[in-house]
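Student: Build me a structure from this.
(chains A and B)
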Amino acid sequence: MRFSRKIEWQKASIYIVPSLIILFIIAIYPMLYAIWTGFWDSHLHRPEVRSFAGLENYIKLFLDHRFLSSLGITFLFTLISVASTMILGFLLALLFEKPFKGKNTALALLTIPMVMAPVVSALIWKVFLLEPDVGIVNWFLSLFGIRGPYWISTTPWALISVIIVNIWFMTPFVMLIMEAALSVLSKEPIEAAMIDGAGYWKRVWYIIIPSLKGKILFTLIFRITIDYRMFDIVYTMTRGGPAFDTEMLSVWVYSVALRTFQMGYANAGAVVMMIIIGVTCLLIILPIIRKKGELA
Amino acid sequence: MKKTLSKILMLVLIMSMVGVFPLIGCKAEAASAEKPFEGVEIYVGCLARTLSDELKPFLADFEAETGIKVNIEQHAYDSLRDKMMLEFAAGSGYFDIIYLSPGYLGELVENDYIMDISGYMETLGFQRDDFLLAAIEISRYGVGEEIWGFPYLADTTVLLYRKDLFEDPDNQADFENQFGYELPIPTLDKPFTTKQFLDLAKFFTRGDMYGFGYPQTGVAYGNLYILPWIWTFGEEYFDENYQVTINSPKGIAAIEYARELQNYQPPGVLGWDYGEHMPYFYEGKLAMTAGWFHLGVEANNPEISAIAGNVGYATVPWHPESGLETGKAVLGGGSLAITKDSKNPEAAFTYLNWMFGNKERALEWYLNGGSATLRAIYEAPEVYEKFPWSKEFFPIANYSLEHIAKQRPTIGVSHSLFEVMSGAWHSVSMDRESPEEALNRVSTEMQTIIDGWKKDLGM
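Tutor: Sure, this is the predicted structure:
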């Protein structure tokens, strides 16, 4: 038995090792290098004069009001954006659960945001939709006598704008996953509930959602990791402004690394970001791992 | 028979090779003498703008004349800067020539990434007197004699205003009633004062129109907006000993003035990027704005501007209490630098001098969207034929370049200083801090940055 398992592993390793090597080169090594660099005071253009800083970069981070502000903004952005996309995506998936005429066409149209490059989406929103004087959104609001705000360049509308665009961009992703999950869900419990007189929303809350717990959690973790690292939409629309009011952690890291070239300090910030994402995901997964077998 | 045949064949082959090779050799030697850089390929990193696009039609002629193949790679400003910095750090030698903005001139010089080309200028036919002084000065670092870039784009901001509104008799009467003096029309000898400018901005802010509007987004434009006001009021970011002076009474007065002016600009200006103010100006939503030279020229181009023919030009406002003779504007644009890692620096300089040092080519480039760095362009009849309104524009542009434009700080940490200052300006604009609070805060931050820079350089 052991002998055959060993042979199986040896055979399997032939297929796994190349992927592991690539993963090491493109993900693990850069991550380890970033963690290592975070302990050094190093400048991109003067690598020869770098010095070991220990925890100094990390201490400096938590005394840097701009870094702390970016942490707060990232948290707020992620919280609102993830919650909104999860709810909207799930509701849209429920809408598409039953077949209807034109369902596939409607689904295809709804996934358009997902297939556009984020930078293109951001530019379209910035230039055509959210432009304060000639943009479509403010024009639409003016039909109701509402003077729309200066979306990109005033607070709090700049942050609201990037959240809206991110929700628009990511909701189809959630919808597709939920729609696929709903399509393979066992119908018997739902039918049984119907026979027992449970209303539609009660069936959703007490049967469908618990049945999809695993997939919902997977999607939730995926969404958190994406939104916490969001860069392209925010940078394209606002560059982190006005007055750093939309400067996400990723924009901060980019700014420190490629504007001031303080690589050690930037990498320390990136490591903090990685730790926060990791801890958040662990906090979500751990209760589930403890209750093994509840995964759908 | 077979052996004999093969011997004859071998003999013929040898003789033909012996006959041909010398001929090839002669041809190669002749090519080297005429085209010493035959077969060389150089890479140019430029901005993704029209003036770089319009270099491409000349490349075939240059290659035919010199044998040098030029590859032009274009990027947006931030992307170009990112790419070149990473290439420099890696020592790849990817670019032979790069666009050199004053914004990162100091970094490139201090890290020994670009060449001083003054030596090539002396030995390879550069005619210094043909060029505008500002076009050469833009690539000067500090007060050194070195020239770090070939003249390419010499620019500064000029004021654009709606002549028709200023000359309207009703507006003139109303202005005088409101402010107690005649509505000023600017000339070279009598530019707007800062008080007049503010009064005009206030006067013309009504209905859908604002008195003034200028981009202020991010680090680049936040700093490009506020720095000239600080200069105009007679202050600097730091003195000659690198001590920060920004929070002096003059500096505070400058920011207070700019904050007041903000009331007469569209609320969206903090998010406006390069060029985004011009559609507002063309649509009649701004009575005044400011722009780089090509924006100024376009403003009266009937093919581009809806208000063509109604745009007047002026130098930037002057603050009488500053002790200066004129207002101040940022010397903009940039030059083309040869990288230290370039394997073909002489070929690179040859290209630059061929393209930008030749009056006919430089003129053709300018007429198609390029920049004017040669004095002769301002006198060329073709320019006035194509842009008839430039007769009004060029005196203002020339005067601004010669007397008003000022090189922004070019030390290696300038970008960090600009970032701090633009953040402070946004904070003041949004009334999160008073001018004094903001400047006291940033002066400490700036001094820390400068002290770190001095320590790194062993100063």
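Student: Near residue B:67, how many other residues are there?
Tutor: If you count neighbours by other C-beta atoms under 10 Å in any protein chain shown, residue B:67 ends up with 17. (Each C-beta comes from the backbone N, C-alpha and C, glycine too.)
Student: show me what contacts it?
Tutor: Neighbouring residues of residue B:67 by C-beta atoms under 8 Å, 6 or more residues apart in numbering or on different chains: B:31, B:35, B:37-40.
Student: Over stretch B:51-67, what's the mean pLDDT, rounded is fine.
Tutor: Averaging pLDDT along stretch B:51-67 gives 92.
Student: got the contact list for stretch B:77-84?
Tutor: A:258, B:45-47, B:74-75, B:95, B:98-99, B:101, B:103-104, B:220.
Student: go again using 7 Å as the cut-off
Tutor: Under the contact criterion C-beta atoms under 7 Å, 6 or more residues apart in numbering or on different chains, stretch B:77-84 has outside partners A:258, B:45, B:47, B:75, B:95, B:98-99, B:104.
Student: top of those by neighbour count?
Tutor: Neighbour max across the contacts of stretch B:77-84 (other C-beta under 10 Å) = residue B:98, 30 neighbours.
Student: how about the strands of chain B, start to end?
Tutor: Assignment of strands within chain B using DSSP state E yields the ranges B:41-47, B:69-75, B:97-100, B:150-155, B:158-162, B:210-213, B:286-291, B:311-314, B:329-330, B:332-338, B:405-406.
Student: quick one: residue A:42 and chain B, what's the gap?
Tutor: With distances taken as C-beta to the nearest C-beta, to the nearest Å, residue A:42 is found 11 Å from chain B.
Student: Local confidence estimate at that residue?
Tutor: 87.
Student: rewinding a little: in CSV, list the strands of chain B along with distance to chain A.
Tutor: Output for the strands of chain B, formatted as CSV (distance: least, C-beta to the nearest C-beta, whole Å):
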stretch, distance to chain A
strand B:41-47, 16
strand B:69-75, 13
strand B:97-100, 15
strand B:150-155, 22
strand B:158-162, 18
strand B:210-213, 11
strand B:286-291, 12
strand B:311-314, 20
strand B:329-330, 19
strand B:332-338, 16
strand B:405-406, 23
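Student: closest one to residue B:449 among these?
Tutor: Residue B:449 sits nearest to strand B:329-330 of all the strands of chain B, at 20.0 Å, using C-beta to C-beta.
Student: Remind me what the closest one packs against, helices and strands.
Tutor: Applying 3 or more C-beta pairs under 7 Å, 6 or more residues apart in numbering or on different chains; DSSP states H and E, one finds that strand B:329-330 contacts helix B:218-232.
Student: which of the contacts of residue B:67 lies closest to chain A?
Tutor: residue B:40 (28.0 Å; C-beta to the nearest C-beta).
Student: The residue nearest the centre of chain B pairs with what?
Tutor: Using C-alpha atoms, centre = their mean, the residue of chain B that lies closest to the mean C-alpha position is residue B:333, 0.7 Å off. Counting by DSSP bridges, residue B:333 forms beta bridges with residue B:154.
Student: what's the closest non-adjacent residue to the residue in the stretch 151-296 of chain A that chain B sits nearest to?
Tutor: The nearest approach of the stretch 151-296 of chain A to chain B comes at residue A:153, 2.5 Å away (C-beta to the nearest C-beta). Nearest non-adjacent residue to residue A:153, counting by C-beta to C-beta, 6 or more residues apart in numbering or on different chains: residue B:271, 2.5 Å away.
Student: cool, and residue A:42?
Tutor: Residue A:42 sits nearest to residue A:50 (C-beta to C-beta, 6+ apart), 3.6 Å away.
Student: Find me the pLDDT at that neighbour, would you?
Tutor: On the pLDDT scale, residue A:50 gets 81.
Student: Same check on residue B:24?
Tutor: Note on residue B:24: pLDDT of 45.
Student: How about residue B:3?
Tutor: Looking at residue B:3, its pLDDT stands at 62.
Student: re earlier: filter the contacts of residue B:67 down to the buried ones, ChimeraX style.
Tutor: ChimeraX command restricting these to the buried ones, with burial defined by 16 or more other C-beta atoms under 10 Å in any protein chain shown:
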select /B:35,37,40
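Student: sorry, back to before: of all the strands of chain B, which one is nearest residue B:438?
Tutor: From the strands of chain B, taking C-beta to C-beta, the stretch that ends up closest is strand B:329-330, at 20.5 Å.
Student: Residue A:71 contacts residue A:249, correct?
Tutor: Yes: at 6.3 Å, residue A:71 counts as touching residue A:249 under the criterion of C-beta atoms under 7 Å.
Student: Those two: who's more crowded?
Tutor: residue A:249 (27 against 19).
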